[in-house]
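# here is my input; please provide its structure:
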Amino acid sequence: MDDRQFAAIATAIAGIVAVLLVTTLRANADITDTARHGRPAFAVDVLTYRWGWQFTYPSLPGVVDRSAPNTPPVLHVPAGRTVRFRMRTEDVVHAFWVPAVKFKADAWPDTTRTFDLVFPEGQALSGHCAQFCGLKHSDMVFTVDAMAPAAFRAWSRSAGGRASFSGRGAGRPAEVTLAR
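Numbering: from 1, shown residues only. Next comes the predicted model:
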């Protein structure tokens, strides 16, 4: 191999690395520091367990959406608002995955994972556990009901609570921010 062939190969490799770097940076463009977006508008506590989900809403005492046999839970969120999630697991590693917003977060035992999401309005999105966690792993599904803020307030009143969230925290649909 002469110097020109070596230079051509080195240039091609550098070009491939540059393309991969740019692609990675663009794919992660929506993952930003939470501090940039300010205070989240609403919070949800997520508990994972074999083989289900539990969603509780700190500002709605007593309102719990939990998996039941053959009935996946529904996660109710205000659309277009930043929602802070605090997730933990009761047993093994699970993963909160909502493919439509291109987001996945793992729940590890003895750890609380915090992340922020903004969901597009008026959509029912499917959610799954993306980490094989045992024989009934396929039962670990849920639905995200991303409601317009007025509809979300109405839902919270009918559920026995009173949702309050700030007008802050609005973001682009499917925007993901991670709190570290």
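# which helix runs longest in the protein?
Ranked by residue count and defined by DSSP state H, the top helix of the chain is helix 3-27.
# pLDDT averaged over that helix - what is it?
The average pLDDT for helix 3-27 rounds to 78.
# so what's the gap between it and the chain middle?
33 Å (C-alpha atoms, centre = their mean, to the nearest Å).
# next one: stretch 84-98
That offset, for stretch 84-98, works out to 10 Å (C-alpha atoms, centre = their mean).
# and it, which residues are buried?
84-89, 94-98 (16 or more other C-beta atoms under 10 Å). (Glycine included, C-beta is placed from N, CA and C.)
# which ones among the residues you listed map onto strands?
84-89, 94-98 (DSSP state E).
# between these, which sits nearest Gly62?
Nearest to Gly62 among these is Arg86, at 17.8 Å by C-beta to C-beta.
# isn't the closest one up against Ala43?
Yes - with contact defined as C-beta atoms under 8 Å, Arg86 reaches Ala43; the gap is 7.0 Å.
# give the residues shared as contacts by those two.
With C-beta atoms under 8 Å, 6 or more residues apart in numbering applied, the contact sets of Arg86 and Ala43 do not overlap.
# what sits against the closest residue to Val46 other than its chain neighbours?
What sits nearest to Val46 in space, not counting adjacent residues and going by C-beta to C-beta, 6 or more residues apart in numbering, is Met87, at 4.0 Å. Contact analysis of Met87 by C-beta under 8 Å, 6+ apart lists 45-48, 96, 105, 107, 112-115.
# and His94, by the same measure?
Counted by C-beta under 8 Å, 6+ apart, His94 has contacts 48-49, 106-107, 129, 131, 133, 140.
# next one: the residue nearest to Val46 from Ala150, what distance?
Going from Met87 to Ala150 by C-beta to C-beta, to the nearest Å gives 28 Å.
# quick check, pLDDT for the residue nearest to Val46.
At Met87, pLDDT is 95.
# also the one 4 residues further on?
For Asp91, the pLDDT comes out at 88.
# count of neighbours near the nearest residue to Glu90 once chain neighbours are set aside?
Leaving aside its sequence neighbours, Glu90 sits nearest to Tyr49 (C-beta to C-beta, 6+ apart; 3.9 Å). Counted with other C-beta atoms under 10 Å, residues neighbouring Tyr49 total 18.
# run a quick check on Phe115 versus Thr82, I expect a contact.
No - if you go by C-beta under 8 Å, Phe115 and Thr82 don't touch, sitting 10.6 Å apart.
# so for these two, which sits in the more crowded spot?
Thr82 (25 against 20).
# Leu75 versus the more buried one, what's the distance?
15 Å.
# sort out for me which of the contacts of Met87 are in strands.
Per DSSP E, the subset of the contacts of Met87 in strands is 45-48, 96, 105, 107, 113-115.
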